[in-house]
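coordinates only, no sequence provided:
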């Protein structure tokens, strides 16, 4: 299994990774979710050995990989723009890893056919890679990484260049391939849809550190920080101050303090107001969030209603613009961020 | 009412459809080419293929010619292989590594390409020749009677000079491809288990096949048509096609054989040029995007450091030493003058430069050597004026290519395909009798120089003229400027820079031209390169020193010209 221990790396003098640690066990798919430029690709390159960390180590089954060159680590890497060899056809691309291992012709041919079938490109073997569509090229890149039976698979935003429907289709295929091969995978992306669909565990990367780690459901239900809540679009992030009676006063209203532990009066608090499940109440009902409707956007199953104070909620019925609303939030809709 | 065509082209030209107007800019160039290129070519064809003349050639001459052909291919192949052997690692050095002084070293490797052959020959002579630094140093160190290291007159000298000249082609063509290669391809190969040697063999080199082939062909072409290097450094025992044409024409007066050899040379050049354009224009079929990650890094580890350090030292030695030896040799007295008795005052001296102004009785020319400098400058001036006069209108026409332009464009490059010696031969056989008895005129030579410089001038003016954005002209016109004023305020500032560059180009080409000059020059009006060549072969320290001095002057002027051209070049202007 893979262990990343306290990796530090700076880029052109600026700090990029400031002590990243995580692990990936056999059969587990770990997704690193973070904004563009947060160092996700660099992290993968450090694991692959293409770059060396300034501090920290990468271990496999307990052994430090510091002196091990790239070509001996056995880690497959699927790039964002595929990086297929343009001078080789599809079959030769897929066979590359096997050929450099010195495998026999028949073995190579069989394995190539097997892997191409896995990614649904069965009779593409003799095609030139430059003639393929984006989705086909990505499948070839996956097949190529799988063919030499790596002990770890890494994905660097592989679906970034594809359109939505293709992406969804490939996510499904990827899930199947990963499940069948049982190889541990580290998947890096800025798209939460991909991360939630593929991951057994989601890691949020921000400011060079892992801010939150957990199953997709855990991370979504409890983002744990205001950055995470904003990044995931989990809801309204409101800042306020604690009152002597233990409640939290915010521009949106006064709420019971959902954070555990003892706090001092005046201490700043950050709350997450979940937008779902809000119920309209008559104006003046106590304990409601109030505001004037500023915008209404259709969302297929419901409406996203934005109030003039900036808060947004999902309502089943569309109110009129400018209407005064009083919304009662369901229990658990107010969460603690800090 | 005529509508002024607004799409493109200079504001001075109003297109009214294909008409006489379109032919005007091409008039000068066409006449010039017809008279001074095509007509001599036809003459060479007639003499070279005339059965009567060919039958008179004796068998000995035929075998000499055969040998020359064989040797030409042999030395060109060897030179190309050696150039690739040095150029490929050098390309890697520049494309993959970052180190201090990189830009300077890169510029250094490009200088030789533009230098006149006599300067290069003189430089190597000054370093490794029998009277050069190395040999004289060894002689005085070990008290030897004669020069221990043979150089001039060996195949090694020819090969070395060729490598010196052409390495930059490999560095540019292959280096560009290398630095544009997506680094992720090699990284992918490594993650798939390929060790560095396998990455090179299976990924990097296959992707370099096309630029490598193009570079090899181009280098071969230059080595094949090499003249000055063979003549001056190869000595009497080595003759290529070019040298043989020269010898047969000028020394043996065997015009039929010289013409035949010229035709053979033209044919070979044509074949190689077609091959080259095929390789260069073939669609590479690469879908790899431009890399977002840079390919460059500082050398790490012992192996890389040795490679980079060793490479830098080797390149410095090869490119700096010959160029440095020349001026140093011209100001140092290391041996006695011819006929001088008594003690020789060794050391620094300006005597060789002073002697340029003096016409001693022993000199081969009836004028002081410095007159050669004046002649060359005058010829260069005439060349600049002529090539600009003829080339500018053609370049203007090419900026807005119509049917006529597309037809004439490839014909413009033809003089480059014929070697300078062939052009000179053409002049000799065409203008030696009335009504075109121009051979006696000293003004014939600048015409030859213009012929050689014109393609360069047109090619360097063309992108500048085409680059003037039509919007600017339209904006100026909308603000009330008439066509002439528009041209003066919008076109000219952009074009002036390119014109200056083209002028300097023509000047430098004319100054250093040796091939055609050897054949056409009048003895009483020698050019600088011809004078240098003559003086180099004369015994005696004074003659040698004067040759060095003149070569240094030529190097300085051409070097300044090269720098000026680089400064004036439009960013992004094409190379080969």
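Sure, I can see it. If you're wondering where the values come from, they're calculated on a predicted model, not measured in any experiment.

regarding chain B, what is its longest helix?
Secondary structure of chain B read by DSSP state H shows that its longest helix is helix B:59-96.

which helices and strands sit right next to the least confident helix or strand in chain A by mean pLDDT?
Within chain A, confidence by mean pLDDT, DSSP states H and E is lowest for strand A:253-256 among all helices and strands, at a mean of 80. Judged by 3 or more C-beta pairs under 8 Å, 6 or more residues apart in numbering or on different chains; DSSP states H and E, the packing partners of strand A:253-256 are strand A:247-250. (C-beta placed from N, C-alpha, C; glycine too.)

so for the strand it packs on, what gets flagged as buried?
Of the residues in strand A:247-250, those buried under the neighbour-count criterion (16 or more other C-beta atoms under 10 Å in any protein chain shown) are A:248, A:250.

can you give the domain ranges for the chain?
Picking chain A for this. Segmentation of chain A into domains, based on automatic domain parsing, reads A:2-225, A:235-336.

that was the other one, I meant chain B.
For chain B, the structural domains run B:19-56+B:358-571, B:57-282+B:292-330, going by automatic domain parsing.

now these in a markdown table, with mean neighbour count?
Rendered in a markdown table, the data for the domains of chain B read as follows (neighbours: other C-beta atoms under 10 Å in any protein chain shown):
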| stretch | mean neighbour count |
| --- | --- |
| domain B:19-56+B:358-571 | 19 |
| domain B:57-282+B:292-330 | 19 |
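
before we move on, the earlier item: comparing the domains of chain A by mean pLDDT, which bottoms out?
Least confidently modelled of the domains of chain A is domain A:235-336, at a mean of 85 by mean pLDDT.

what about it, how long is it end to end?
12 Å (C-alpha to C-alpha, to the nearest Å).

for the helix or strand hosting residue B:485, packing partners?
When secondary structure is defined using DSSP states H and E, the element that contains residue B:485 is helix B:483-486. Counting contacts by 3+ C-beta pairs under 8 Å, 6+ apart, the secondary-structure elements packed against helix B:483-486 are helix B:470-478.

in the least confident helix or strand of chain A, which residues are buried?
Applying a neighbour-count criterion of 16+ other C-beta under 10 Å, one finds A:253, A:255 buried in strand A:253-256.

so what's the spatially closest residue to residue A:64 that is not a sequence neighbour up against?
Sequence neighbours aside, residue A:57 is the residue nearest to residue A:64 in space, at 5.0 Å (criterion: C-beta to C-beta, 6 or more residues apart in numbering or on different chains). Listed by C-beta atoms under 8 Å, 6 or more residues apart in numbering or on different chains, the contact set of residue A:57 reads A:5, A:6, A:7, A:64, A:65, A:66.

what's the next secondary structure element after the helix holding residue B:485?
Past helix B:483-486, heading to the C-terminal end, the next element that is a helix or strand (DSSP H and E) is helix B:492-512.

distance from the chain centre to that next one, please.
Averaging C-alpha positions (C-alpha atoms, centre = their mean, to the nearest Å) puts helix B:492-512 16 Å from its chain's average.

and that helix, what's its mean pLDDT?
Helix B:492-512 carries an average pLDDT of 87.

from the contact counts, what lies against it?
Helix B:492-512 makes packing contacts with helix B:117-128, helix B:370-398, helix B:444-466, helix B:541-568 when contacts are defined by 3+ C-beta pairs under 8 Å, 6+ apart.

point out the most buried one among the domains of chain A.
Using mean count of other C-beta atoms under 10 Å in any protein chain shown, the stretch among the domains of chain A with the greatest mean number of neighbours is domain A:2-225 (a mean of 18).

where along the stretch 201-350 of chain B do the helices fall?
Ranges of helices in the stretch 201-350 of chain B, per DSSP state H, counting those that start in this stretch, are B:205-207, B:209-224, B:228-234, B:241-246, B:255-281, B:301-330.

secondary structure class of the closest residue to chain B within the stretch 101-250 of chain A, three-state.
Nearest to chain B, among the residues of the stretch 101-250 of chain A, is residue A:130, at 4.3 Å (C-beta to the nearest C-beta). Under the three-state scheme (DSSP: H, G, I helix; E, B strand; the rest coil), the conformation of residue A:130 reads as helix.

any idea how far it is from residue A:84?
Noted for residue A:130: a distance of 8 Å to residue A:84, by C-beta to C-beta, to the nearest Å.

got it, and residue B:31?
Applying C-beta to C-beta, one obtains 55 Å for the distance of residue B:31 from residue A:84.

that older thread, JSON lines please, covering the domains of chain B and showing distance to residue A:211.
Formatted as JSON lines, the entries for those read as follows, by distance: least, C-beta to C-beta, whole Å:
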{"stretch": "domain B:19-56+B:358-571", "distance to residue A:211": "45"}
{"stretch": "domain B:57-282+B:292-330", "distance to residue A:211": "26"}
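
helix, strand or coil: sort out residue A:53 for me.
With three-state DSSP as the basis, residue A:53 sits in coil.

excluding chain neighbours, what is closest to it?
Spatially, and ignoring its direct neighbours in sequence, residue A:53 is nearest to residue A:7 (4.7 Å; C-beta to C-beta, 6+ apart).

and the helix or strand encompassing the one you found, which strands flank it?
Of the helices and strands defined by DSSP H and E, residue A:7 is found in strand A:2-11. With DSSP bridges as the criterion, the sheet partners recorded for strand A:2-11 are strand A:14-24 (antiparallel), strand A:55-60 (antiparallel).

hang on, isn't residue B:333 packed against residue B:351?
Yes - distance between residue B:333 and residue B:351: 6.9 Å, which falls inside the contact criterion (C-beta atoms under 8 Å).

now for the two: what residues contact both?
Common contacts of residue B:333 and residue B:351, defined by C-beta under 8 Å, 6+ apart, comprise residue B:545.

what's near enough to touch residue A:118?
A:143, A:146, A:177, A:180.

equivalent analysis for residue B:241, please.
Applying C-beta under 8 Å, 6+ apart, one finds that residue B:241 lies in contact with B:68, B:69, B:72, B:224, B:261, B:264, B:265, B:268.

quick one: the closest residue to the second one other than its chain neighbours from chain A, how far?
I take that to be residue B:69. The spatial neighbour of residue B:69 that comes closest, neighbours along the chain excluded (C-beta to C-beta, 6+ apart), is residue B:241 at 6.1 Å. Applying C-beta to the nearest C-beta, to the nearest Å, the value for residue B:241 to chain A is 37 Å.

before we move on, back to that, closest to residue A:48 out of the helices of the stretch 201-350 of chain B?
Checking these against residue A:48 by C-beta to C-beta gives helix B:301-330 as the closest, at 18.4 Å.

can you show me the helices along the stretch 101-250 of chain A?
For the stretch 101-250 of chain A, the helices identified by DSSP H, counting those that start in this stretch occupy A:105-118, A:134-146, A:164-181, A:192-198, A:216-221, A:226-232, in order along the chain.

now render these as CSV, adding distance to residue B:447.
Compiled in CSV, the helices of the stretch 101-250 of chain A are given as follows (distance: least, C-beta to C-beta, whole Å):
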stretch, distance to residue B:447
helix A:105-118, 66
helix A:134-146, 58
helix A:164-181, 66
helix A:192-198, 71
helix A:216-221, 82
helix A:226-232, 75
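
looking at the ones you listed, spot the one closest to residue B:96.
Each of the helices of the stretch 101-250 of chain A has some distance to residue B:96 by C-beta to C-beta; the shortest is helix A:134-146, at 24.5 Å.
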